[in-house]
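> Need coordinates for the following:
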Amino acid sequence: MDDLDALFEIMSDAETMQHYPAPFDKARTRSWIEDQEYMLRSDENRITPDPDIMVRKESEWSDGTENVFIEAEEPWEIKVAKKTLDYLIVSKKHRQKGVGRALFYNYVEWCRQNNIDNVNIWPDGETPKRIYEEGGYRVSEIRKAGRGDQGITGRDG
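So this is what the prediction gives:
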């Protein structure tokens with residue numbers, strides 16, 4: 001198991017994370033535990049996306065995908081995203097323009113079309129939470145979650 005796998009595994013379990021800080025120290029990563037809201041779809045998708053915004057689903061990693069994380073100022077997420085490819089992320093230069101709503105609308109519709117009903121999502125702020133609620137998602141539980149970033153080194157490694 002490499003350091004990234006260890007960090008990801010520990011971060012998904014807040015109780016374990018409290019007792020094993022070594023992978024974070026070794027990776028020079030700041031870590032903490034906080035409440036994390038998990039949301040499940042329980043209502044209709046009420047988002048009306050801007051028809052001029054085109055959304056496409058990426059199924060393979062590309063340089064363009066990596067650039068979105070860099071432009072979103074979240075380059076530390078690239079290694080994890082390459083392993084999971086399950087991120088919804090909007091570049092900072094495209095925020096506050098309806099892109100997040102269009103992206104989430106398409107995500108909700110894709111899940112519906114593929115009969116995927118049980119999806120946990122977690123908002124990272126009030127704006128995504130409002131968008132997720134418009135998409136029919138509601139907070140289903142709140143649990144302690146491990147978080148980390150590369151704050152010690154300025155987040156750029």
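
> contacts and neighbour counts: CA atoms only from here.
Fine.

> any idea which helix is longest in the chain?
In the chain, assigned by DSSP state H, the helix with the most residues is helix 99-113.

> Export only the CA atoms of that helix, formatted as PDB.
Extracted C-alpha coordinates of helix 99-113, given in PDB (Å, rounded to 0.1, in the frame of the first residue of the first chain):
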ATOM      1  CA  VAL A  99     -21.700  25.600 -14.500                       C
ATOM      2  CA  GLY A 100     -22.100  23.700 -11.200                       C
ATOM      3  CA  ARG A 101     -25.900  23.600 -11.600                       C
ATOM      4  CA  ALA A 102     -25.600  22.200 -15.200                       C
ATOM      5  CA  LEU A 103     -23.000  19.700 -14.100                       C
ATOM      6  CA  PHE A 104     -25.100  18.500 -11.200                       C
ATOM      7  CA  TYR A 105     -28.300  18.400 -13.200                       C
ATOM      8  CA  ASN A 106     -26.600  16.100 -15.700                       C
ATOM      9  CA  TYR A 107     -25.100  14.000 -12.900                       C
ATOM     10  CA  VAL A 108     -28.600  13.500 -11.300                       C
ATOM     11  CA  GLU A 109     -30.100  12.600 -14.700                       C
ATOM     12  CA  TRP A 110     -27.300  10.200 -15.500                       C
ATOM     13  CA  CYS A 111     -27.900   8.400 -12.200                       C
ATOM     14  CA  ARG A 112     -31.700   8.300 -12.800                       C
ATOM     15  CA  GLN A 113     -31.200   6.900 -16.300                       C
END
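
> Using neighbour counts, pick out the buried residues of that helix.
99-108 (16 or more other Cα atoms under 10 Å).

> what's it in contact with?
45, 47-50, 53-55, 88-90, 117, 128, 131-132, 135 (Cα atoms under 8 Å, 6 or more residues apart in numbering).

> Which element is encountered next along the chain beyond it?
Using DSSP states H and E, the helix or strand that directly follows helix 99-113 along the chain is helix 126-134.

> just to revisit the earlier point, just the buried residues of the contacts of helix 99-113.
Buried subset of these (neighbour count, 16+ other Cα under 10 Å): 45, 47, 49, 89-90, 131-132, 135.

> What about residue 36, how many residues nearby?
By the measure other Cα atoms under 10 Å, the count of residues near residue 36 is 17.

> Make sure residue 143 is indeed in a helix.
No: per DSSP: H, G, I helix; E, B strand; the rest coil, residue 143 lies outside any helix segment and is strand.
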